[in-house]
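Asker: model the following, please.
(2 chains)
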Amino acid sequence: MVDLPPRVRPWFAALFFGVQAALIVTAARRPDHAFGFQMFSESTVIRIRPFREVDDAFGIRLVPIDSSGSWVSKDAQGNALSFAWNDRVKRPELRIFDQWIFAGYGADAQLDRLRGALSDMASHLEGDTDTRRLVFEVDVKKNGGEPFVVRLESPYRWRRDGVNGGAP
Amino acid sequence: MRDFFARLRTETGDPYVLGLVRVCVGAFLFWHALSAARELSALGYFGDGFYMPFLDALSGRAPARGVFVGILALRILLGAMIVVGLAARPALLASALLGLYVLLLDRLQFHHNRYTLLVFAFLLSFTRCDQSLSVAATPGPRLESPLWAVRLMQVQVSLVYLASGGSKLLDRDWREGLVLGDRLLRFGEQAVARGVPAGFVHFLQEPQVSSGLAKLAISTELFLCVALWLRKSRVFALWWGVMFHLTIELTSSVEIFTWLMLALYALFVTHDVRARKLFYNPRRMKGVALGWTVRLLDWFLRFDVRAWTPDEVQGGHSIVVVRRDGSLATGVRALAMIARTVPLLFPLWGPLALVASFTRKGDLQTAA
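Answerer: Below you'll find the model as predicted:
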């Protein structure tokens, strides 16, 4: 491998550390503080409670999804359709429900990832005419403090009032 | 600063120790790639399900499964090549870039220690780390090599400590010990399982103790970022850093981070070889044992180890260390000197140097 010529080295160093400094300074803007070397930034545990939001003869309501992450829905013809959270979401920290788990990269990172996973899953419920959207209620305990609840919602898949084109 | 940049152009040194760092970094890269392969087998290919790219431009652009498997296989191969020193520098660069590509594709796989490893692999590829402990090393004496990339790696070590310590300092929960206290509560059992006495762990979990520890941790990281550069404080900083990282290893799960940082500490040793001498008495069991121990564990090649024929002057000692400056050390001061320069024995340097400091010409000073 060719060595950098001496006159280029200081420029390379300046460029490299310029990039490093920029990544470190802006790390707080990223939910997981990535590229900022912020080890052990939090001690947070979360508990995810998953729901489907449906709109049927009983009105708009939340139907709990069981802790295995699987549920049965309906297609337009009323046939049963099975779905499982694990079909799309592989990482253990995003698919353990109804249990307190450690959020290694902190609450913001975990919530951001869960939000992304909800949207992804909701966009892959092919044929499901029952589920309007997916919802998580996430209990968060940050740094040993009192728990609080954060509600995460996927985008609507359909709405009866015609927004998003109504029921598929 | 100007002097630092000027030295980047001209400074040279013996690259021997860089070979050691390369072997360690290569082993870590190999282990990481292997872990990723195990994860692929256990969880399936991330591109078939939900993943989160760092850049919008990479959204929906995960490679086909077969391509990803090929990338993983290549990373494993590159790790092995780095360890043995076969095209080690291009392999380091390729491994760093491929690893970074995978991290950018999916932030769910991001871990600080993985990114840190890739950054150091990238910088190491610009050093002459292939001149020692390498199947491709040219026979004969090693040539003095440019140290500019080594200086960059040293700055990067300081930057890691500055960023980590600085972010904790700015966080009230961290300063007050809430983060550390809660972690100690959650991972206390893990520490006990790894051999830390339960009573000691319970002591650390006390709010006042964890608050003090948090301040100590922040101070340690900020201290290391500076003290590693100062000649007078360097050895103590390295020893304190070793203790700091070993404590983290015992109480947390940090993948290879502990071992990576300890391997990188080798960058701070003076880049010379066999600048010290160790004479041992071949007629004394203790002398022979120490002589062979140093020969076996002197991975930085700090010592020229020789047996002497005992005479009236030297007959009273099992070992005599001749320092770089020609001064002699015997007894506990010689042991402290050995511990100071032999990596596996380095954790013993602190207590030995403390004891030696009570003797005439103690070894707490960092005289080389």
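
Asker: pLDDT score assigned to residue 163?
Answerer: Using chain A. The confidence metric pLDDT takes the value 49 at residue A:163.

Asker: think we crossed wires, I meant chain B
Answerer: At residue B:163, the model reports a pLDDT of 97.

Asker: is it true that it touches residue A:38?
Answerer: Yes: using Cβ atoms under 8 Å, residue B:163 makes contact with residue A:38 at a distance of 6.6 Å. Just so you know, the C-beta spots here come from the backbone N, C-alpha and C atoms, and that holds for glycine as well.

Asker: shared neighbours, the two?
Answerer: residue A:27 (Cβ atoms under 8 Å, 6 or more residues apart in numbering or on different chains).

Asker: how about low-confidence regions in the chain?
Answerer: I'll assume chain A. Applying pLDDT under 70 to chain A picks out residues A:161-168.

Asker: hm, I was asking about chain B
Answerer: Within chain B, the segments meeting pLDDT under 70 span B:310-315, B:360-368.

Asker: strands of that one, residue ranges please.
Answerer: B:12-13, B:145-146, B:276-280, B:303-307, B:319-322, B:328-330 (DSSP state E).

Asker: quick one, what contacts the residue lying closest to residue B:273 once chain neighbours are set aside?
Answerer: Spatially, and ignoring its direct neighbours in sequence, residue B:273 is nearest to residue B:301 (4.5 Å; Cβ to Cβ, 6 or more residues apart in numbering or on different chains). Listed by Cβ under 8 Å, 6+ apart, the contact set of residue B:301 reads B:16, B:273-274.

Asker: how about 10 Å then?
Answerer: Residues in contact with residue B:301 (Cβ atoms under 10 Å, 6 or more residues apart in numbering or on different chains) are B:14, B:16-17, B:20, B:132, B:272-276, B:341.

Asker: torsion angles phi and psi at it?
Answerer: When read as degrees, to the nearest 10, the backbone of residue B:301 gives phi 50, psi 50.

Asker: next one: it from residue B:329, what distance?
Answerer: 19 Å (Cβ to Cβ, to the nearest Å).

Asker: do the same with residue B:237
Answerer: Computed as Cβ to Cβ, the residue B:237 to residue B:329 distance reads 21 Å.

Asker: go on, residue A:132?
Answerer: Applying Cβ to Cβ to residue A:132 and residue B:329 gives a distance of 78 Å.

Asker: same check on residue B:189?
Answerer: Taking Cβ to Cβ, one finds residue B:189 at 44 Å from residue B:329.

Asker: which one's more surrounded, these two?
Answerer: Shown here are residue B:189 and residue B:329; by other Cβ atoms under 10 Å in any protein chain shown, residue B:329 has more neighbours (23 against 11).

Asker: who is that one paired with across the strands?
Answerer: With DSSP bridges as the criterion, residue B:329 is bridged to residue B:321.

Asker: list the contacts of it.
Answerer: Residues near residue B:329 by Cβ under 10 Å, 6+ apart: B:276, B:278, B:319-323, B:335-338, B:356, B:359, B:361, B:363, B:367.

Asker: helices and strands around the lengthiest helix in chain B, which ones?
Answerer: Identified as the longest helix of chain B according to DSSP state H is helix B:16-43. Packed against helix B:16-43 by the contact rule (3 or more Cβ pairs under 10 Å, 6 or more residues apart in numbering or on different chains; DSSP states H and E) you find helix B:65-84, helix B:88-105, helix B:112-124, helix B:148-169, helix B:257-265.

Asker: let's see 8 Å
Answerer: helix B:65-84, helix B:88-105, helix B:112-124, helix B:257-265 (3 or more Cβ pairs under 8 Å, 6 or more residues apart in numbering or on different chains; DSSP states H and E).

Asker: can you tell me if the longest one touches chain A.
Answerer: Read it as helix B:65-84. No: figure legend: helix B:65-84 not in contact with chain A (Cβ under 8 Å from any Cβ of the partner chain); closest approach 12.5 Å.
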